[in-house]
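Colleague: sharing a sequence plus its predicted fold:
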Amino acid sequence: MKTRNPDLALRARQLFEQLIIWRRDFHRHPERSFQEKRTSETVAAELRKLPLYDVEEKVGGYGVVAAISHGEGPVIGLRADMDALPIQETTSHSFSSLYPGVMHACGHDAHMAVLLGAARLLHEDAVQGNFNGTVKLIFQPAEECCDSAGETGAVKMLQTGRLDDVQRLVALHMCPWRKTGEVQWHDGPSMANNDEFSIVIHGSGGHAGYPQHVNDPIWIASSLLGALYSLNGRRMDPLDIGTLSIGKIEAGEAGNIIPDRLLIKGTIRSYKESVRNKLVEDLKQTVTLVTALGGSYDLSVQRGEPALVNDPEVNRAVRKAASGFKLIEEPFGMGSEDFSYYTKTIPGAMFFLGCGLKEEKSLHQSDFDLDEQALPFGVQVLLGSAYELLERGG
């Protein structure tokens, strides 16, 4: 059966006011990873207004999965993440965060609004018999961070088995460096592996006036830092993509006391698994410099999200759904996304949806904002991708 979705663009535009209501409600009530109780309850309540959905809550934590079917056909998944960030919002909107120190600064409020909009149109089409197959809507908790076991929300939802029958999967991400009406896509590796490391350098502290009697961990670190940064340019093939960055250095309590320990924390990011493994091994070798300089150290490396690998066939459906927009082929950069856990086992793709304002507001910043005019476009491309995949048989 050929999927019929008459004038999806018009129908998505007609949802504009409701999309804003949803997005702003989520924005006012942000919840951090693994704490998305109100958010998930709100999502489930909206979905239960549409009687053809089979709605399941508390999937892998606060996850929500809603399935809708008509006739025989493939099972397609559409995913949106739900969690917010530990950031104090500095915007002056009427819908700014009501919760101190928590903010939707990565567009997850918009992702949920878009997927709820797709849910409403999908329900209308199921009533009319306009498609054959099943669509599972996946509202995922905890994309931004992992728990004590190193697992994000994607891992926990996959572990439940509720997504085992999904044959193809699509997600979107709001993109403030692209204009509204632009869609960025890329086949293959598109976002980075992300591993975190921590180095504690142990020396012996003492009086700052008598450095000859101590083993200064700050001095040791000054030599180590240069060696670590050189891994980016001197130990890696220039044609490969990878980077080691240091985001935190912590030592001491007073200017006249040499401390006895120093903490370094950073990340290693790459596209290829071989580069990922090499950078970790180079890190382990380089940190032995601490011993040569008279100190000792503790090194820990926590493997994070794998690289996001977009499936070319799924992307073909995305591009067809977005054919009325300006398409830009380019990797998404060295950020990471736990959507990558899904695409290790389910052919899937993420696209970036342009939502930039005249004055660009960057992701993960306290004044982040987006052009809400992009929301109907997200509905159109996300749901259109699902319909393309249903029509192709997966």
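Modeller: Everything's here; your move. Numbering: from 1, shown residues only.

Colleague: what separates F131 from I138, distance-wise?
Modeller: The gap separating F131 from I138 is 18 Å, by Cβ to Cβ, to the nearest Å. To be clear about C-beta, it is placed using only N, CA and C from the backbone, and glycine gets the same treatment.

Colleague: number of nearby residues for the residue nearest to N310 when sequence neighbours are not counted?
Modeller: Of all residues not flanking N310 in the chain, A349 sits nearest, at 4.1 Å (Cβ to Cβ, 6 or more residues apart in numbering). Other residues near A349 come to 28 when the count uses other Cβ atoms under 10 Å.

Colleague: hmm, A349 is touching D311, no?
Modeller: Yes. Taking contacts as Cβ atoms under 8 Å, A349 lies within contact range of D311: 5.5 Å.

Colleague: shared neighbours of those two, anything?
Modeller: Applying Cβ atoms under 8 Å, 6 or more residues apart in numbering, one finds that A349 and D311 are jointly contacted by T343.

Colleague: what about the helices in the stretch 51-200 of the chain?
Modeller: Secondary structure of the stretch 51-200 of the chain (DSSP state H, counting those that start in this stretch): helices at 108-128, 153-159.

Colleague: format the ones you listed as CSV; extra columns: mean neighbour count and distance to H27.
Modeller: Shown next, in CSV, are the helices of the stretch 51-200 of the chain (neighbours: other Cβ atoms under 10 Å; distance: least, Cβ to Cβ, whole Å):
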stretch, mean neighbour count, distance to H27
helix 108-128, 23, 4
helix 153-159, 22, 19
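
Colleague: which one, of these, ends up nearest to C355?
Modeller: C355 lies closest to helix 108-128 among the helices of the stretch 51-200 of the chain, at 7.2 Å (Cβ to Cβ).

Colleague: how distant is that closest one from the center of its chain?
Modeller: Computed by Cα atoms, centre = their mean, to the nearest Å, the chain-centroid distance of helix 108-128 equals 20 Å.

Colleague: identify the residues contacting I76.
Modeller: Counting by Cβ under 8 Å, 6+ apart, I76 touches 133-136, 166-170, 386, 389-390, 394.

Colleague: run the last query once more with 6 Å
Modeller: Taking Cβ atoms under 6 Å, 6 or more residues apart in numbering, we find I76 in contact with 135, 168, 386, 389-390.

Colleague: so the residue nearest the centre of the chain: helix, strand or coil?
Modeller: With distances taken as Cα atoms, centre = their mean, the residue of the chain nearest its centroid is E337 (3.4 Å). Classification of E337 using DSSP: H, G, I helix; E, B strand; the rest coil returns coil.

Colleague: is it in contact with A307, as I believe?
Modeller: No. If you go by Cβ atoms under 6 Å, E337 and A307 don't touch, sitting 9.4 Å apart.

Colleague: would you mind splitting the protein into its domains for me?
Modeller: Domain assignment for the chain by automatic domain parsing gives 8-192+307-392, 193-303.

Colleague: I'd like the average pLDDT over the shortest one.
Modeller: What it means is domain 193-303. For domain 193-303, mean pLDDT rounds to 95.

Colleague: can you give me the end-to-end span of it?
Modeller: Length of domain 193-303, first residue to last, Cα to Cα, to the nearest Å: 9 Å.

Colleague: could you do the longest one as well?
Modeller: In domain 8-192+307-392, first residue to last residue: 18 Å (Cα to Cα).

Colleague: could you dump stretch 17-26 to PDB, C-alpha only?
Modeller: Provided in PDB are the C-alpha atoms of stretch 17-26 (Å, rounded to 0.1, in the frame of the first residue of the first chain):
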ATOM      1  CA  GLU A  17       0.400  27.100  18.100                       C
ATOM      2  CA  GLN A  18       0.200  23.800  19.900                       C
ATOM      3  CA  LEU A  19       3.800  23.000  19.200                       C
ATOM      4  CA  ILE A  20       4.700  26.300  21.000                       C
ATOM      5  CA  ILE A  21       2.500  25.500  23.900                       C
ATOM      6  CA  TRP A  22       4.200  22.100  24.400                       C
ATOM      7  CA  ARG A  23       7.700  23.400  23.900                       C
ATOM      8  CA  ARG A  24       7.300  26.300  26.300                       C
ATOM      9  CA  ASP A  25       5.700  24.100  29.000                       C
ATOM     10  CA  PHE A  26       8.600  21.700  28.800                       C
END
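
Colleague: so which of the contacts of I76 is the most crowded?
Modeller: Among the contacts of I76, the one with the most neighbours (other Cβ under 10 Å) is L389, at 31 neighbours.

Colleague: roughly how far apart are that one and R168?
Modeller: Counting by Cβ to Cβ, the gap from L389 to R168 is 5 Å.

Colleague: and what of A386?
Modeller: From A386 to R168 the distance is 9 Å (Cβ to Cβ).

Colleague: next, the angle from the strand ranked longest in the chain to helix 108-128.
Modeller: Using DSSP state E, we find that the single longest strand of the chain is strand 168-179. Put simply, strand 168-179 runs at 130 degrees to helix 108-128, going by axes from the mean of the first three to the mean of the last three Cα atoms, to 10 degrees.
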